[in-house]
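Novice: build me a model:
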Amino acid sequence: MKLKKAYHNQKFLDSPAARPIRLLAEFLEPQQQLRREGIKDTIVFFGSARIRPEKECKNKLRELILRQKKSLYSTKYSKHKLEELKRDLTMSRYYKDAVELSKMLTKWSQSLREPNRFVICSGGGPGIMEAANRGASLARGKSIGLNISLPFEQMPNRYITSELNFEFHYFFMRKLWFVYLSKAFVMFPGGFGTLDEMMEVLTLVQTQKLKKKITIVLYGKEFWNEIINFNALIKWRLISPNDIELYRLLDSPKEAFDYIVNELSTNYPIETQKI
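Specialist: The predicted structure follows:
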């Protein structure tokens, strides 16, 4: 009987001993595909998978109110659920803003003579990630999705460019690809995942592990000022006062667009703009 070569032995490739091979594959496969598509650099959007579009939030709120009128829910449950859905509706503005900002940035990118500059990149899932890819799609531009396999089966959103849709097992390899081609990050409101990604990027920039110039926007002043007290870190001498210059707090698509484009144009002079 002819034996299988090691690289054809699926049992071995799935084993702990072959983990380095799987890690390398999650670096080399995206690298090959991104090069094939001519992607030079990216603008990365981070944010919660739980933030939904306004229409979806309004529909859920309308359905709850209808069920309340028919007395299908207990009063206690209805009040609690009503408050949750109202908060979801309030947060939906960030989905809308992410779509708009991504659309604006993609149109700007398309105005450059050199193709595939500053392509929108997201984590590939729902919520703010979907909004980022959706905005690029509305502008008829390419966008990247770096999805991660999770126990609750996060699925890639339908707005990612099919040739730029990637699936990762290892969080740290996915993070590498977020950072590797990035020239700017936009951090929308999010939970543990977004906070983890944001702090890692800030740490890399603060410690000068990234030699390139990186533009960082924390989008949503009210949210970020409540969630993280950077001034307290300065007060307790845990970060330098200069560290808060690493990012800019902004609150509208127009503000964020103007700031990002100005920073990118300064840090990476674009002399090939169309006349």
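Novice: distance of residue 182 from residue 175?
Specialist: 11 Å (Cβ to Cβ, to the nearest Å). C-beta here means a position set from N, CA and C on the backbone, and glycine is covered the same way.
Novice: is it true that residue 45 lies in a helix?
Specialist: No - under DSSP: H, G, I helix; E, B strand; the rest coil, residue 45 sits outside any helix and is assigned strand.
Novice: show me where the stretch 151-275 of the chain has its helices.
Specialist: Assigned helices in the stretch 151-275 of the chain, in chain order: 171-180, 192-206, 221-227, 230-235, 253-267 (criterion: DSSP state H, counting those that start in this stretch).
Novice: only C-alpha atoms, please: export the fourth one in PDB.
Specialist: Yep, that's helix 230-235 we're talking about. Taking Å, rounded to 0.1, in the frame of the first residue of the first chain, the C-alpha atoms of helix 230-235 are listed here in PDB:
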ATOM      1  CA  PHE A 230      -7.700  58.100  29.800                       C
ATOM      2  CA  ASN A 231      -7.200  61.200  32.000                       C
ATOM      3  CA  ALA A 232      -7.300  59.000  35.000                       C
ATOM      4  CA  LEU A 233      -4.400  57.000  33.600                       C
ATOM      5  CA  ILE A 234      -2.500  60.200  33.200                       C
ATOM      6  CA  LYS A 235      -3.400  61.300  36.700                       C
END
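Novice: hey, which helix or strand in the chain has the poorest pLDDT?
Specialist: Least confident helix or strand of the chain, by mean pLDDT, DSSP states H and E, is helix 54-69 with a mean of 88.
Novice: and that one, C-alpha only, in PDB?
Specialist: As requested, the backbone C-alpha atoms of helix 54-69 are provided in PDB (Å, rounded to 0.1, in the frame of the first residue of the first chain):
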ATOM      1  CA  GLU A  54     -31.900  51.400  12.500                       C
ATOM      2  CA  LYS A  55     -34.600  49.700  10.400                       C
ATOM      3  CA  GLU A  56     -34.000  46.400  12.100                       C
ATOM      4  CA  CYS A  57     -34.100  48.000  15.600                       C
ATOM      5  CA  LYS A  58     -37.300  49.900  14.800                       C
ATOM      6  CA  ASN A  59     -39.000  46.700  13.600                       C
ATOM      7  CA  LYS A  60     -38.100  44.900  16.800                       C
ATOM      8  CA  LEU A  61     -39.400  47.800  18.900                       C
ATOM      9  CA  ARG A  62     -42.600  47.900  16.900                       C
ATOM     10  CA  GLU A  63     -43.100  44.200  17.300                       C
ATOM     11  CA  LEU A  64     -42.600  44.400  21.100                       C
ATOM     12  CA  ILE A  65     -45.100  47.200  21.400                       C
ATOM     13  CA  LEU A  66     -47.600  45.200  19.400                       C
ATOM     14  CA  ARG A  67     -47.100  42.200  21.600                       C
ATOM     15  CA  GLN A  68     -47.500  44.400  24.700                       C
ATOM     16  CA  LYS A  69     -50.900  45.600  23.400                       C
END
